[in-house]
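Asks: build me a model from this:
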Amino acid sequence: MTSLASARAPRKDAATNRQALVDAAVVALDRDPDASLETIATAAGLSRRAVYGHFATRDDLVREVLQRGARRIVEALAGITHEDSRIHVALIGARLWAEVEQVRVMARVAVRGPLAREVGVELAPLRAELQRVVERGIAAGELRGDIPAATLARLVEGGALAVLDEATRSDIGRAEGHSLVILTSLALCGLDWRAAGDLIAATPELREVTPRSAEAAS
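Replies: Residues are numbered from 1 along each chain as shown. All right, here's what the predicted structure looks like:
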C-alpha cells in the first residue's frame with residue numbers, strides 16, 4: 001500500500017520542474033504575452049520536451065498560470081473587512097492593485113483575453129464578496145442608491161480594470177496606481193473627489209498596501 005501511494009504521488013523533481021515552468025511563464029508572459037514555449041522552457045532551465053511532460057500545449061500552461069494567479073488573488077483578499085462599506089470597497093481595490101501591479105500585462109490578459117471566462121470562475125468568490133459589500137453599503141446609506149447593487153459592483157470592478165489598462169499603457173508607478181484605484185472605486189460608489197480625499201486622509205488602512213506575498217516573506 002505504501003509503495004502504491006508513493007508511486008501515485010508526483011516525484012519531487014517533477015513537482016519542482018512544474019513549479020519552475022509556471023514561475024518562468026509568469027515572468028516571460030508578462031514581458032511578452034506571445035512568448036513561446038521554447039522561451040519559457042529556457043527560462044525555467046528545461047527543454048521543450050520536458051514542458052510536454054507537464055503541459056500538453058502552450059494554452060494549457062497559460063491556463064494554469066492565469067488560474068493560479070486568480071486563486072492567489074482571491075486568497076490574498078480573503079479576510080479583508082471594514083464596518084464602513086466605503087472603506088471596505090477601497091480596501092478591496094487597494095489589495096487587488098497590490099497583488100497585480102507587478103504582473104500588469106498578465107493580469108490584463110487574464111481578464112480581457114480568451115481565457116477570461118475560465119479565470120472568472122476562479123474570481124467568482126471575490127466578485128460575490130464585492131457585491132455583498134455594495135449591498136450592505138447601499139442599505140446603510142453609505143453608497144449611492146440610484147444604481148442596483150449588482151450593477152454598481154460590476155462598475156466598481158470595471159473601474160479597477162480601467163486603472164489596470166491605464167497603468168499598462170502609461171507605466172504609472174505603484175503608488176499612483178494605488179491612489180487611482182481607490183479614488184476610482186469611491187467615485188463610482190458616489191463620493192465626490194473632496195469627500196474621497198477626506199476619507200482617505202482620515203483612514204490609515206488606505207495607505208499603500210503591501211502584496212500578501214511580501215508580507216509573508218517579511
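
Asks: what separates Leu91 from Ile182, distance-wise?
Replies: 9 Å (C-beta to C-beta, to the nearest Å). The C-beta positions use only the backbone N, C-alpha and C, and glycine is treated the same way.

Asks: quick check: neighbours shared by the two?
Replies: Listed as contacting both Leu91 and Ile182 by C-beta atoms under 8 Å, 6 or more residues apart in numbering are Leu206.

Asks: can you list contacts of the helix ranked longest in the chain?
Replies: Longest helix in the chain by number of residues (criterion: DSSP state H): helix 116-140. Contacts with helix 116-140, where a contact means C-beta under 8 Å, 6+ apart, come from 63, 66-67, 70-71, 73-74, 77, 85-86, 88-89, 92, 110-111, 143-145, 149-150, 152-153, 156-157, 189.

Asks: among the residues you listed, name the buried ones.
Replies: By neighbour count, with 16 or more other C-beta atoms under 10 Å, these hold 63, 66-67, 70, 73-74, 77, 85-86, 88-89, 92, 110-111, 143, 149, 152-153, 156-157, 189 as buried.

Asks: find the centremost residue of this structure, please.
Replies: Centre of the chain computed as the mean C-alpha position; nearest residue by C-alpha atoms, centre = their mean is Ile73, 4.4 Å away.

Asks: what about it, which SS state?
Replies: helix (DSSP: H, G, I helix; E, B strand; the rest coil).

Asks: over to Pro114?
Replies: coil.

Asks: so how far is Ala167 from it?
Replies: When C-beta to C-beta is the yardstick, Pro114 and Ala167 sit 22 Å from each other.

Asks: out of the two, which sits in the more crowded spot?
Replies: Neighbours per residue (other C-beta atoms under 10 Å) separate Pro114 from Ala167, with Ala167 holding more: 22 against 10.

Asks: any idea which helix or strand in this structure has the lowest mean pLDDT?
Replies: Ranked by mean pLDDT, DSSP states H and E, the weakest helix or strand in the chain is helix 2-8, scoring a mean of 50.

Asks: can you give me the buried ones in the helix or strand that that one is followed by?
Replies: Counting by DSSP states H and E, the next helix or strand C-terminal to helix 2-8 is helix 12-31. Residues of helix 12-31 classed as buried: 17-18, 20-22, 24-26, 28-30 (neighbour count, 16+ other C-beta under 10 Å).

Asks: CA atoms only for helix 12-31, dumped as PDB, please.
Replies: Coordinates of each C-alpha in helix 12-31 appear next as PDB, following Å, rounded to 0.1, in the frame of the first residue of the first chain:
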ATOM      1  CA  LYS A  12       9.600  15.800  -6.000                       C
ATOM      2  CA  ASP A  13      11.700  16.800  -9.000                       C
ATOM      3  CA  ALA A  14       8.700  16.600 -11.300                       C
ATOM      4  CA  ALA A  15       6.700  18.900  -9.000                       C
ATOM      5  CA  THR A  16       9.800  21.200  -8.800                       C
ATOM      6  CA  ASN A  17      10.000  21.400 -12.600                       C
ATOM      7  CA  ARG A  18       6.300  22.100 -13.000                       C
ATOM      8  CA  GLN A  19       6.600  25.000 -10.500                       C
ATOM      9  CA  ALA A  20       9.700  26.300 -12.300                       C
ATOM     10  CA  LEU A  21       7.700  26.300 -15.600                       C
ATOM     11  CA  VAL A  22       4.800  28.200 -14.100                       C
ATOM     12  CA  ASP A  23       7.100  30.700 -12.400                       C
ATOM     13  CA  ALA A  24       9.100  31.200 -15.600                       C
ATOM     14  CA  ALA A  25       5.900  31.600 -17.600                       C
ATOM     15  CA  VAL A  26       4.600  34.300 -15.300                       C
ATOM     16  CA  VAL A  27       7.700  36.400 -15.900                       C
ATOM     17  CA  ALA A  28       8.000  35.600 -19.600                       C
ATOM     18  CA  LEU A  29       4.400  36.200 -20.500                       C
ATOM     19  CA  ASP A  30       4.200  39.400 -18.500                       C
ATOM     20  CA  ARG A  31       7.100  40.700 -20.700                       C
END
